[in-house]
Each structure stands twice: as C-alpha cells, then as structure tokens.
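**Student:** Sequence and predicted structure below; questions after.
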Amino acid sequence: MTATTDGSAEGAGAGSGTTTPGGPPPGGVHVSPLTDRLARPMPQQPEPGREAGTRVATAPPGPPDGHGPERVREAAARATRHLLERQHPDGWWKGDLETNVTMDAEDLLLRQFLGIRDEATTRAAALFIRGQQRDDGTWATFHGGPPELSATIEAYVALRLAGDPPDSPHMTRASAWIRAHGGIASARVFTRIWLALFGWWSWDHLPELPPELVFLPSWMPLNIYDFGCWARQTIVPLTVVSALRPVRPAPFALDELHTDALAPYRATPLAPMASWDGAFQLMDKALHVYRRFAPRRLRKAAMDSAARWIVERQENDGCWGGIQPPAVYSVIALHLLGYDLGHPVMRAGLESLDRFAVWREDGARMIEACQSPVWDTCLAAIALADAGLRPDHPALVKAADWMLGEEITRRGDWAVRRPGLAPGGWAFEFHNDTYPDIDDTAEVVLALRRIRHPDPARVEAAIARGVSWNLGMQSKNGAWAAFDADNTSPFPNKLPFCDFGEVIDPPSADVTAHVVEMLAFEGRAGDARARRGIAWLLAEQEPDGSWFGRWGTNYIYGTGSVVPALTAAGMAPAHPAIRRAVHWLETVQNEDGGWGEDQRSYQDRSWAGKGASTASQTAWALMALLSAGERDGKAVERGIDYLVRTQGQDGSWDEPWFTGTGFPWDFSINYHLYRQVFPLTALGRYLYGEPFAPAGEW
C-alpha cells in the first residue's frame with residue numbers, strides 16, 4: 001500500500017459490505033429523473049464474479065462484436081472493486097496529485113530559509129528530484145514534456161542543498177543545459193524570487209510588487225480581487241516579501257548557472273511604449289522609484305493590512321486556500337513580520353505543509369501542490385453509481401455523508417463580486433472555506449442525486465443551496481468560471497511579475513458544461529440562465545467541432561464535458577453542433593482505439609486531440625460519444641475495447657501522462673484517480689445507458 005498525505009493507506013477499504021434492499025424515498029421528497037431511474041428494483045443476488053450490491057442490467061441490444069457485454073461487465077466489476085477498496089473509512093477518496101519538482105525544490109528552499117531543514121527530509125526530497133531528472137540533465141513539468149528552464153534551475157539548486165557536488169555528471173549536464181538556455185536571467189520571476197531570498201539574484205532586478213496594492217478598492221483596475229483566487233492568495237504575501245527584500249546567507253555560490261558570472265544581469269528589451277507591455281514596463285520602473293520614497297507609515301499600514309488579510313484566510317487545518325504556493329509565501333511573509341515559528345498561526349501553517357508530502361515506498365518524498373478529496377469523491381461516487389452500484393450501497397451513503405459534511409455555508413472572497421448571494425457549495429480540498437469551487441459544487445450535486453440517502457431532506461437542502469449559489473455565480477456573458485464571477489480583467493496578465501501562468505479566472509467551457517449538466521439533472525434546463533450558458537457553449541465551439549478544455553487536457557476534455565451536458569439539457573444527437581463534435585472525436589481516435597492529447601496542445605493547436613492514448617482521455621471521448629447516441633458506432637466499439645484490453649488485473653489502469661491542468665501549459669497535473677473513475681464511468685454508461693433521459697429535444 002502507498003501512504004497518502006494524511007497518513008492513511010490507499011488500500012484501506014470501506015464500503016465492501018453487503019447491501020440492504022432499497023425502497024422508494026419517503027413521500028413528499030423531490031426525486032430527480034436520475035434518482036428515479038437509479039431507484040428501480042435491483043436483483044438481490046449478484047451474478048458470478050460481480051460485486052455484491054451492484055446493479056445488474058441487461059446491456060442495450062446489439063453489443064459490438066469482440067467485447068461482448070460480459071467482458072465489459074467483468075471489467076466494470078473489477079474497476080468497481082478496486083475503487084471501493086480505495087475508499088477511506090470516513091467515506092472519501094483521494095488520489096495523489098502529481099505536478100513537478102518545483103514543489104519539492106521550493107519546499108527545501110523554504111526550510112532552508114526558515115532554518116528548519118533536516119537531513120531526513122532533504123534526503124527523501126532529493127531522492128524524488130533525482131528520480132525525475134532526464135538523461136539530458138533537465139527536468140520537465142509533465143511526463144514526456146520538453147525540458148523546462150525554471151524547473152531545471154530549482155531542481156538543481158535543491159540538489160545542491162542536498163549535497164550533490166556541482167561537478168558530478170548529473171549536475172554538470174543540468175548546469176550546462178541551463179547556461180545554454182540563458183541561465184538564471186532567463187528564468188521565471190518566481191524562480192528568481194526564490195534565488196533572491198539567498199542573495200543568488202538581486203531584488204533590484206525583479207518586478208516591484210508594492211503592498212499598497214491591498215488598499216485599492218474592488219472597482220479599481222489591478223485591485224487584488226482582479227486576480228484569480230490562486231494568484232490573489234500568492235500575490236498578497238509576496239507584496240510583503242517584495243517590500244522587505246530579505247536575504248539569508250547563501251550556503252554556496254551559483255556562478256555555474258549564469259551565462260556570464262561576472263555580468264549576470266542583462267538589460268531587458270523594452271516593448272514599444274504604445275503597447276500594453278510597454279506601458280506596464282514603464283509602470284514597473286515607476287514603482288521601483290516609488291519604493292525609494294514610499295511613506296513609511298503608509299507602507300507599514302499596507303503590510304499590516306496584508307498580514308491581517310493573510311491570517312483571516314488561514315483555514316482550520318492551517319493552510320491557505322488548500323494549495324501549497326500561497327501557504328509557502330504566507331508563512332514567509334508572516335515570519336518576516338515577526339511571527340516566530342512557535343506562533344499558533346505559523347505552527348499550524350508548517351504542519352499543513354507537511355500534509356502535502358507523499359512518502360513513497362522507495363523512501364522518496366513527493367510534494368503535492370494541492371489535494372483533491374472533494375473532487376475525487378464526487379467523481380468516484382458518480383462512477384460507481386453509473387457502473388451499477390446500488391444507490392443505497394453503504395459506500396455511496398458514506399460518501400454522501402462525508403460530502404454533506406464538507407458543504408461550505410459561510411461567505412468567502414467570491415462575495416466581493418456577489419455581495420447579495422447566499423453561500424452554499426463545495427471546495428476542491430479538505431479545507432478551503434474561503435474559495436468554494438463552482439465546478440466541484442456542480443459535480444457534488446450530480447453525485448448526491450445518484451445516492452439514496454437515509455436523510456433525504458438534508459440532501460435536498462444542501463443541493464438547493466448549491467444550485468442557488470452556482471446560479472448566482474454566473475458571469476455576465478452567461479458562462480461560469482471556477483471560483484469567481486466576472487474575473488476577466490485583462491490587466492493582471494500584463495504585469496511583468498505575472499509570468500508564471502494564468503492569473504485570472506475567466507469562464508470556461510468545461511465548468512460551464514458541468515453547471516448546465518447539473519441544472520438539467522435538476523429539471524432546470526429551460527431556466528433562462530441555463531439557456532444562456534448553452535448559447536455561450538454553442539458560440540465557443542471550435543470550427544473543427546471540439547471545445548477548449550481549461551481544467552483538463554484539453555480539447556478532448558472540453559468536448560467530453562460539453563457534449564453530455566448539451567444532450568442532458570435536451571439537445572438532439574442530430575444537432576449540427578453534436579455531429580461536428582462526434583466527427584472530430586472520430587478523426588482524432590488513435591490506431592489502438594484509445595484517445596490521448598498532449599499538454600503541448602495548449603501552445604500549439606496542431607497537437608489538438610493528439611497524444612498517447614490514456615484511460616482517462618479515452619473515457620472522456622467515450623462519454624461524449626455515448627451521450628451523442630453513438631453506442632453502436634465503430635469508434636465506441638474500439639474505445640471500449642481499448643479500456644478492457646489495457647485494464648490491469650486489479651481493476652486499475654496505468655497512466656503516467658498528465659491529463660489535468662492547473663494553468664494551461666504552465667502547470668500540468670496528473671490526477672492519479674482520473675485513470676480509475678473516468679474509465680469506470682464510461683464502462684458503466686456503455687453497459688447501462690446514459691444516467692439522464694432528456695425531457696425534450698432542441
């Protein structure tokens with residue numbers, strides 16, 4: 001078994017008990033079409049080889065040759081057992097969230113900065129970082145991706161901290177590649193900030209980020225609420241760090257990472273003054289001048305306000321926003337403002353960072369950028385229900401109990417743009433009450449609708465709050481983003497500081513599709529707000545028939561999200577938009593029957609729908625095709641066969657490729673549970689049909 005970040009074991013099982021016969025829900029309680037379909041009488045004895053308590057149904061007529069319904073049912077049963085075995089006793093699921101070695105390198109740099117780096121942690125982190133190095137001496141930010149300069153620099157520095165000699169072969173290969181690609185001067189701002197903390201880079205050669213930013217009102221451009229929540233939580237503490245410019249003694253020199261160690265700083269070519277880039281470069285120069293003359297009282301007041309803002313947003317588990325980067329910078333900022341390491345805020349913050357560590361069997365230590373239990377749990381519940389698990393199965397009821405306990409009923413930063421909206425929703429992580437997630441809320445509602453809970457009134461109340469909150473978070477253009485409404489200012493991405501990825505939260509096709517699908521399941525596809533969302537989705541379809549995927553890779557994810565939503569809302573499979581999507585999916589199917597798409601499609605459109613086949617992306621394509629009425633088509637036949645052929649004996653799938661996205665191209669994610677939940681969902685829908693029958697057609 002692999003240890004998880006909270007100290008439990010992934011193999012710790014729950015939900016494997018027998019099922020009690022289900023009865024109809026109490027009278028007077030709303031039952032959605034989905035719940036009603038799942039509540040049909042189920043056989044009490046499983047077929048040979050099937051999980052006790054799973055739904056047995058006759059496959060739709062005309063199964064494709066080569067993978068008859070029995071073979072597919074066996075694959076679904078194995079996947080069901082595997083997923084049930086991974087459920088935590090408390091009811092949740094969580095797979096590892098793998099990103100890249102900058103998380104591990106920055107964790108060591110933080111410990112060095114605070115003076116708490118220990119030998120055991122350093123050795124384990126270095127073991128993981130070395131294991132990710134490629135033959136050319138570099139590190140990438142996703143499996144099979146190209147070398148990445150900033151990741152390679154940070155990994156190299158971390159290994160120097162761990163004692164790796166700079167003249168050892170793996171280090172000389174890395175430093176030579178770094179120099180050949182511009183050295184430290186060409187690295188991203190965040191990398192150079194980490195180096196500035198130890199005097200390896202000059203603060204004077206970094207963009208200025210004044211703490212007075214916190215005083216800007218919400219209606220003024222570049223106020224902190226113009227930034228996406230992940231960037232906002234990072235930028236506020238970094239304003240303090242930027243103002244104080246700390247430097248800890250460097251334990252060694254890094255001359256070997258400069259193209260010219262005697263002249264490490266090079267002049268940056270200025271953009272034309274009439275351009276936005278030129279204007280923001282000029283503003284940065286003005287802020288550097290302002291720094292020398294900033295009124296002391298104003299600056300101190302700004303840093304005090306930033307500190308209050310940070311402390312007020314610390315979650316109950318000690319973290320900030322449930323993600324590692326804001327937590328790291330918040331700890332540094334508060335420490336610089338006088339919070340000692342024994343202070344309750346600091347102690348809780350450092351303990352929360354320890355929970356991001358995944359200790360592997362070989363002794364290596366990987367740092368997660370975030371943890372995804374709510375997201376993983378609702379997707380697992382959907383997969384199990386769609387694959388035939390009884391709606392009152394103990395595993396599903398326990399999952400519902402846990403999800404209900406995670407509901408957020410207090411106001412967060414989203415209320416700055418929606419002050420009159422009542423709270424209600426779910427976040428992505430264990431603890432993140434400040435930033436509930438529109439996407440998670442939609443999927444949790446879809447999951448709860450599949451479960452027959454012993455307290456239906458409690459479920460209905462939570463669903464009602466979640467649906468109302470999601471409707472209220474619709475942006476002006478009719479679509480939905482992940483965390484905020486109308487977070488679309490063009491200015492934050494123009495700042496010289498913001499070169500680390502997407503810093504705003506505009507609406508996306510995948511999130512909008514999930515909200516539309518949820519509204520359809522609630523019988524609200526005809527709601528004017530749902531219709532606006534559908535119209536936005538139709539307008540966003542690419543000429544080739546696909547949709548861009550913001551939070552999953554990429555056009556396959558977007559298309560796999562949108563098509564089921566449109567058909568759930570009543571759009572006919574014969575609709576031209578659906579036909580174009582089907583055609584595109586058929587044209588990008590791989591020879592092996594699967595689908596795959598590389599992260600490079602975010603930079604180069606010619607990569608759209610192209611890449612090594614993966615279980616999760618194959619499932620997304622199948623979910624779209626099945627919802628479009630293509631069950632008996634050749635593409636579905638080959639896709640289902642791919643999933644059955646590539647499944648392991650334990651019911652799982654292997655998937656080293658990254659199919660998740662934090663920032664398109666800049667920050668890629670391998671969700672280790674995606675390879676389990678989505679294939680099971682696709683197999684279940686192939687066997688038992690779509691979970692929702694539209695009331696009408698467009």
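**Tutor:** Structure's in. What do you need?

**Student:** what's in contact with the helix or strand hosting residue 334?
**Tutor:** Assigned by DSSP states H and E, residue 334 belongs to helix 324-336. Contacts of helix 324-336 from elsewhere in the structure, counted by C-beta atoms under 8 Å, 6 or more residues apart in numbering, are 103, 106-107, 110, 113-114, 197, 230, 233-234, 237-238, 240-241, 244, 246, 306-307, 310-311, 314, 319-321, 341, 343, 345-346, 349-350, 352-353, 356, 367-370. In this view, the C-beta of every residue, glycine as well, is placed from N, C-alpha and C.

**Student:** same thing with stretch 152-160?
**Tutor:** Under C-beta under 8 Å, 6+ apart, the answer for stretch 152-160 is 101-102, 104-106, 108-109, 125-126, 129-130, 132-133, 137-139, 166, 171, 174-175, 177-178, 184, 187, 191, 194-195, 200, 251-252, 254, 257.

**Student:** continuing past the helix holding residue 334, what's the next helix or strand?
**Tutor:** Sequence-wise, the next helix or strand beyond helix 324-336 is helix 344-354, with elements assigned using DSSP H and E.

**Student:** could you give me the average pLDDT of the helix or strand following that next one?
**Tutor:** Heading C-terminal from helix 344-354, the first helix or strand you meet, by DSSP H and E, is strand 357-359. The average pLDDT within strand 357-359 is 95.

**Student:** for the next helix or strand after strand 357-359, packing partners?
**Tutor:** Following strand 357-359 in sequence order, the next helix or strand is strand 365-367 (DSSP H and E). In terms of contacts (3 or more C-beta pairs under 8 Å, 6 or more residues apart in numbering; DSSP states H and E), strand 365-367 is packed against helix 102-114, helix 119-132, strand 357-359.

**Student:** Of the contacts of stretch 152-160, just the buried ones, PyMOL syntax please.
**Tutor:** The following PyMOL line selects those of the contacts of stretch 152-160 that are buried, judged by 16 or more other C-beta atoms under 10 Å:
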select buried, resi 101+102+104+105+106+108+109+125+126+129+130+132+133+137+138+139+166+171+174+175+177+178+184+187+191+194+195+200+254+257
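
**Student:** and the helix holding residue 334 with helix 102-114, angle?
**Tutor:** 10 degrees (axes from the mean of the first three to the mean of the last three C-alpha atoms, to 10 degrees).

**Student:** number of nearby residues for residue 185?
**Tutor:** By the criterion of other C-beta atoms under 10 Å, residue 185 has 17 neighbours.

**Student:** repeat for residue 493
**Tutor:** 16.

**Student:** Contact partners for residue 407?
**Tutor:** 424, 425, 426, 462, 465, 466.

**Student:** Quick check: which element contains the fifth one?
**Tutor:** To tie it back to what came earlier, the one meant is residue 465. Counting by DSSP H and E, residue 465 is found in helix 456-472.

**Student:** next SSE after that helix?
**Tutor:** Next along from helix 456-472, by DSSP H and E: helix 509-521.

**Student:** Just the helices from the stretch 201-350 of the chain, written as ranges.
**Tutor:** Ranges of helices in the stretch 201-350 of the chain, per DSSP state H, counting those that start in this stretch, are 229-244, 276-293, 296-312, 324-336, 344-354.

**Student:** quick one, which of those is nearest to residue 504?
**Tutor:** Set against residue 504 and scored by C-beta to C-beta, the helices of the stretch 201-350 of the chain come closest in helix 229-244, at 7.6 Å.

**Student:** name the helices or strands packed onto the closest one?
**Tutor:** Judged by 3+ C-beta pairs under 8 Å, 6+ apart, helix 229-244 is in contact with helix 296-312, helix 324-336.

**Student:** can you rerun that using 10 Å?
**Tutor:** Using 3 or more C-beta pairs under 10 Å, 6 or more residues apart in numbering; DSSP states H and E as the contact test, the elements touching helix 229-244 are helix 189-196, helix 276-293, helix 296-312, helix 324-336, strand 660-663.

**Student:** re the thing from before, can you lay out the contacts of residue 407 as TSV showing pLDDT and neighbour count?
**Tutor:** Output for the contacts of residue 407, formatted as TSV (pLDDT from 0 to 100; neighbours: other C-beta atoms under 10 Å):
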residue	pLDDT	neighbour count
424	96	22
425	96	28
426	98	29
462	98	24
465	98	19
466	98	26
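
**Student:** Am I right that residue 624 is in contact with residue 577?
**Tutor:** No - Residue 624 lies out of contact with residue 577 (C-beta atoms under 10 Å); the separation is 11.8 Å.

**Student:** Between the two, which contacts overlap?
**Tutor:** By C-beta atoms under 10 Å, 6 or more residues apart in numbering, residue 624 and residue 577 have these common neighbours: 547, 562, 563, 566.

**Student:** Looking at those residues, which are in helices?
**Tutor:** When DSSP state H defines the helices, the subset of these inside them is 562, 563, 566.

**Student:** per-residue pLDDT, the first one?
**Tutor:** In the predicted model, residue 562 carries a pLDDT score of 98.

**Student:** Now do the contacts for it.
**Tutor:** If a contact means C-beta under 10 Å, 6+ apart, then residue 562 has 509-510, 512-514, 516-517, 534, 537-538, 540-541, 546-549, 577-578, 581, 624, 627 as its contacts.

**Student:** sorry, back to before: more crowded one of residue 624 and residue 577?
**Tutor:** Neighbour comparison, residue 624 and residue 577: the larger count goes to residue 624, with 30 against 18 (by other C-beta under 10 Å).

**Student:** And that one, how far from residue 580?
**Tutor:** 12 Å (C-beta to C-beta, to the nearest Å).

**Student:** repeat for residue 368
**Tutor:** Distance, residue 368 to residue 580, by C-beta to C-beta: 38 Å.

**Student:** the more surrounded of these two?
**Tutor:** More crowded of residue 368 and residue 580, by other C-beta under 10 Å: residue 368, with 21 against 17.

**Student:** wait, what's in contact with that one?
**Tutor:** Contacts for residue 368 (C-beta under 10 Å, 6+ apart) come out as 4-5, 94, 96-99, 103, 323-324, 355-358, 669.

**Student:** Go again with 6 Å.
**Tutor:** Counting by C-beta atoms under 6 Å, 6 or more residues apart in numbering, residue 368 makes contact with 97, 356.

**Student:** before we move on, back to that, can you pull the buried residues of the helix holding residue 465?
**Tutor:** Applying a neighbour-count criterion of 16+ other C-beta under 10 Å, one finds 456, 459, 460, 462, 463, 465, 466, 467, 469, 470, 471, 472 buried in helix 456-472.

**Student:** what do you get for stretch 585-596?
**Tutor:** 585, 586, 588, 589, 590, 592, 593, 594, 595, 596.

**Student:** same question, stretch 533-544
**Tutor:** In stretch 533-544, counting by 16+ other C-beta under 10 Å, buried: 533, 534, 536, 537, 540, 541, 542, 544.

**Student:** For the fourth one, list the residues it contacts.
**Tutor:** For residue 537, the contacting residues are 512, 562, by C-beta under 6 Å, 6+ apart.

**Student:** measure it to residue 445 for me?
**Tutor:** For residue 537 relative to residue 445 (C-beta to C-beta), the value is 19 Å.

**Student:** ok, now the second one?
**Tutor:** Applying C-beta to C-beta, the value for residue 534 to residue 445 is 18 Å.

**Student:** Then residue 586?
**Tutor:** Relative to residue 445, residue 586 is positioned 32 Å away (C-beta to C-beta).

**Student:** thought residue 440 was touching residue 374?
**Tutor:** Yes - Residue 440 is within contact range of residue 374, at 5.3 Å (criterion: C-beta atoms under 6 Å).
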